[in-house]
Structure formats: structure tokens, C-alpha cells
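In: no FASTA, just this:
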Ligand SMILES: NC(=O)C1=CN([C@@H]2O[C@H](COP(=O)(O)OP(=O)(O)OC[C@H]3O[C@@H](n4cnc5c(N)ncnc54)[C@H](O)[C@@H]3O)[C@@H](O)[C@H]2O)C=CC1
Ligand SMILES: O=C(O)CCC(=O)N[C@@H](CCC(=O)O)C(=O)O
């Protein structure tokens, strides 16, 4: 059923976009019709139009950055950085395809010639979250197109304007309209799209809750690709270090960049007992100074609002719930503007809480835990069902080796923030963070499947299995 969809600017509450939800059957059949021709086109033909996406996007950076900032509330500088990430993603996807999916000869037994090639899956659903409304969709769509798939894109219902802009831009660069379709709608639309018989697989990024639902929904279709990139409850450990200020800068960046709305954001700060007070008070001092404001404001804010009022309400309620279960507030999470979803970062000491909830609180909320020894720090870091990213600040090279070996996460950093992953590398996690189908550079692996072919110009079989030699022109056994 087609209904209205509206998006509002979080910073001002103004209506930004109004349109209709999509017709899934119509969009899937358009993609199915366009796919065979796209798949049969040469790689260089496909790359010509895909590369044009990068140059067109560069030309439209300011317009698009303004739209992203309005629709998500993230500062303009961050919106521009996200667009730069998309532009880079084109070259990265081309290289990744060449490295991981190119055609090559497989040397087998003497006299046997085999070739390894990769085929696109067909028509893929791409279902994405609100927080990076161009980079995350492009991170799925571009590799999928390079490999020869068609795509039906179901963006987050919270960012329809930016998503429509992105798809219009793809079409303007010469990607055939049928090859990339968009269906606006909510989670139910995502469900219907992924279950549609005309869809060969789903590339999903979003919360663990939605990922689990998708997994259940697809239980009777093991033949369909399901790539899940989900959230995290990411730890950051501070161990022996003399540079408390630099440690605190990394913690603030990890926890509060994008108002904490990154899958890779640090949610749990784990600190050696003796350093706890000094580290936490420096983190608080820096957090007190962060500029929080309108995404277009001057001076540029460090962070804008969270995505909407319901999200802000949920986060302040979670802060209160942590307090009522024994958490000791270090910096209260506040709503400086009534009725708008700006939040000041919340910091809370949860060391004495008996049961700490292992959930992703997707906003600027940092929970701190003090621990007596390094083994307990690692145990505490791993004390989660998620496993996306983790970082150690300080410690010796031996301790980093131990941390690396014993950490259960897809991104393990030393003296670096938990966020800001590198596009040239895989980005993904284990546990409830993903089903080991990472994005980033490894997206190439999700969008094509390997096909091996033994190829001879004349029929070649085996002899010596009861057949006379003159009946077969083939290699002999052994
Ligand atoms: N691992 C990663 O690389 C990343 C993960 N995320 C995660 O995304 C979340 C934040 O984004 P949100 O938009 O709030 O996520 P969300 O899970 O609410 O929505 C994501 C997408 O899934 C759709 N959806 C919801 N239920 C569905 C269902 N049953 N079947 C099919 N589609 C469904 C939504 O409409 C939306 O398009 C956080 O949990 C964050 O950690 C965000 C960015 C990157
Ligand atoms: O590879 C991608 O598609 C995204 C890479 C990226 O920028 N990751 C971000 C977090 C993504 C998020 O939370 O949405 C990062 O590492 O900070």
C-alpha cells in the first residue's frame, strides 16, 4: 500500500521532504528487467558510468552536504567528509573487485585447464540505516553494480530526501534507471522487499534488532544471500599511559563523534583502577567544552542533535535507568533546547552496577567501568554479545598483543579511536555485530559468487575406468 512519508530536520523541526512510499512489485520488476543487459555488459562499460558517479558527486558536494546536514542533523563538515568517503569508494570498489573477484587460471592437475570467474547474484535488496545516508548505501550499491548486479534500495525512513538525491545522481550519471531502483518505506517495506521472490539477496546495515528480524524472516530461504552488518556495544580500554590528555581526546572522539550515532562508537570505557579518576575527569573536562549546535552553525559544532525527539527521549530515559540501577553520574545527559533532540554527552560510572545491560545505546552516552588488572579489562571488554570494534589506549606492545589475540571483534585498534574505519579495509564484526560478511573493501566478496570451469577445446575424460582408450580422447588416470 502506498502512503505518505515525511522527513523533518532534527535541528529545527521544519518539514524537509514529503513523498510517497514505493511500490515494491513495480521496482523489483523494473530491476529484473534491466539486470540481464547490465550483467552482460563488459566491466569497462560498467566502470565508465560508475566512475562518473564520483565526478558528479564532487560537483554536487555542497548541495548534497547541505541536505545531509539538514536531514540527519550532523555538522556540515562531517557531511562533506561522508561524501568524500563515497567518492573514494568508487576507486576502492573497482580495486577490490579486481583483487578479489577477477578472472584467473587455476592450476590443477597436469593437462587440466580450469578458470575461476565471478558472477553477480542478480537483483539485490540494499537496506540501510539513517546515520550515514550516503556512505553506507553507496558502500553496498557501488560494489554491487561493479560486479554486475541490479539493486533495489530501501533506505531508512528517516532520510528519504538524501536517499532520493543519491539515486537521482546515479541516474544522471548514466547508470541505466532500471539498474538502481529506490523504494521508500519503513521496516515493513524492508521485510517485503527482502522476501520478494524477485530478490536474490539482501545487503543490510542497521541495528541488531532489525538484523535478527531479517534473519528470522529469511529462515526458509537459505539459498538467498543475507549479509548483515549490525550494531555494537564497543569497549575502549585505558591502561598504563602518561599522556592522559591524548587518551581523553581519543575517548571523546570515539564516544561522541556524530553525537555517538556511529556503529563503531565507544559505549564502554574500561580503565585501570589507579588511572580511573584522572582519565574520567579529563574526559569530562573535554566533553564539557564540546560545541553542540545547529549543523550549519558558526563556529562549526562538534556535534549536532540526534536524529529525532523519540531517540533523544529514549537516551535520556536510558541514562536515568542506569542511575536508578546503581550508576553514578559523572556528567548528566541534558536537553538544552526543549522539544529539539540536541543532547549534551552523558557520562556515567557503572562500576558498581551488578548487572550492566548489554545493549547498544545509539547516542552520546558513555558508561565507565574501573578494573583492577589487565585480564579483567579484556574480560570486561569481551563481556558483550556484540563484537564490532574495540581499542586499547596505552599499555605495552606485549599487552597489545595479548589484547589483540583475546579480543572478539572485527576491528581491534591500539592508541587509536574505535571509529573512523578505513574504506580500504574490511569493516564488520562478529556476534550480534554481523554474520561475518564485512563491508568496506570486502563488500566485493558479498556481491559476486565464484564459478570454476574446467575448459578444454575438445572433450577430455578419463580412461582406465572400464572404458577402452580409443573410446575417449582424454587424460589417463593417475
Ligand atoms: N555495522 C555497521 O557497519 C553499521 C551499523 N549501523 C547500525 O544501525 C543502527 C542505526 O540505524 P537505524 O536506522 O536506527 O537502524 P534500524 O535497524 O532501525 O533500520 C535500518 C534499516 O532496516 C530497516 N528495517 C527495520 N526492520 C526491518 C525488517 N524487519 N526487515 C527489513 N528491514 C527492516 C529500516 O527501515 C531501515 O531501512 C545502529 O544499530 C548502528 O549500530 C549503522 C551504521 C553502520
Ligand atoms: O565501510 C563503510 O561502509 C562505512 C565505513 C565507515 O565510515 N565506518 C564508520 C562507522 C559507520 C557507521 O557507524 O555508520 C566508522 O568507522 O566510524
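Out: Sure thing, it's come through. All values reported here derive from a predicted model rather than from experimental measurement. Ligands and ions are numbered 1, 2, ... in the order given.
In: Only C-alpha atoms from now on, for both contacts and neighbour counts.
Out: Fine.
In: The closest residue to residue 103 other than its chain neighbours and ligand 1: what is the separation?
Out: Nearest residue to residue 103, sequence neighbours excluded (Cα to Cα, 6 or more residues apart in numbering): residue 117, at 4.6 Å. In this structure, residue 117 and ligand 1 are 28 Å apart, going by Cα to the nearest ligand atom, to the nearest Å.
In: swap in residue 233?
Out: 9 Å.
In: separation between that residue and ligand 2?
Out: From residue 233 to ligand 2 the distance is 12 Å (Cα to the nearest ligand atom).
In: That residue contacts residue 358, correct?
Out: Yes: the pair residue 233 / residue 358 is scored as a contact, 7.0 Å apart, by Cα atoms under 8 Å.
In: any common contacting residues for the two?
Out: residue 384 (Cα atoms under 8 Å, 6 or more residues apart in numbering).
In: what about these two, which has more around it?
Out: A direct count of neighbours by other Cα atoms under 10 Å for residue 233 and residue 358 places residue 233 higher, at 28 against 12.
In: before we move on, back to that, I'd say the residue nearest to residue 103 and residue 147 touch.
Out: No: Residue 117 sits out of contact with residue 147 when judged by Cα under 8 Å, with a separation of 11.2 Å.
In: These two: which is more packed in?
Out: Higher neighbour count among residue 117 and residue 147: residue 147, with 30 against 16, using other Cα under 10 Å.
In: Chain neighbours aside, what residue packs nearest to the more buried one?
Out: With Cα to Cα, 6+ apart as the criterion, residue 147 has its nearest non-adjacent residue at 5.6 Å, and that residue is residue 120.
In: State the helix or strand in which residue 300 lies.
Out: Remark: residue 300 resides in no helix or strand, with elements defined by DSSP states H and E.
In: ok, it - contacts?
Out: By Cα under 8 Å, 6+ apart, the contact list for residue 300 reads 75-77, 291.
In: again with residue 18
Out: Residues in contact with residue 18 (Cα under 8 Å, 6+ apart) are 4-7.
In: closest to ligand 2 among those residues?
Out: Closest to ligand 2 out of the contacts of residue 18 is residue 7 (19.6 Å), distances taken as Cα to the nearest ligand atom.
In: residues near that closest one, how many?
Out: 19.
In: Would you mind confirming that it makes contact with residue 13?
Out: No: counting by Cα under 8 Å, residue 13 is not a contact partner of residue 7; they are 9.3 Å apart.
In: All the helices of the stretch 151-300 of the chain, residue numbers only.
Out: Along the stretch 151-300 of the chain, counting by DSSP state H, counting those that start in this stretch, helices occupy 160-172, 187-195, 208-217, 244-256, 276-289.
In: Format the ones you listed as CSV; extra columns: distance to ligand 1, mean pLDDT and mean neighbour count.
Out: What follows is those, written out as CSV (distance: least, Cα to the nearest ligand atom, whole Å; pLDDT from 0 to 100; neighbours: other Cα atoms under 10 Å):
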stretch, distance to ligand 1, mean pLDDT, mean neighbour count
helix 160-172, 10, 98, 20
helix 187-195, 3, 98, 20
helix 208-217, 4, 98, 16
helix 244-256, 13, 98, 23
helix 276-289, 22, 98, 17
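In: and ligand 2, which of these is closest to it?
Out: It's helix 244-256; of the helices of the stretch 151-300 of the chain, that one is closest to ligand 2 (Cα to the nearest ligand atom) at 8.4 Å.
In: so that closest one versus helix 276-289, what angle?
Out: Using axes from the mean of the first three to the mean of the last three Cα atoms, to 10 degrees, one finds that helix 244-256 and helix 276-289 are set 60 degrees apart in direction.
In: now check helix 244-256, is it near ligand 2?
Out: No: judged by Cα under 6 Å from any ligand atom, helix 244-256 stays clear of ligand 2, getting no closer than 8.4 Å.
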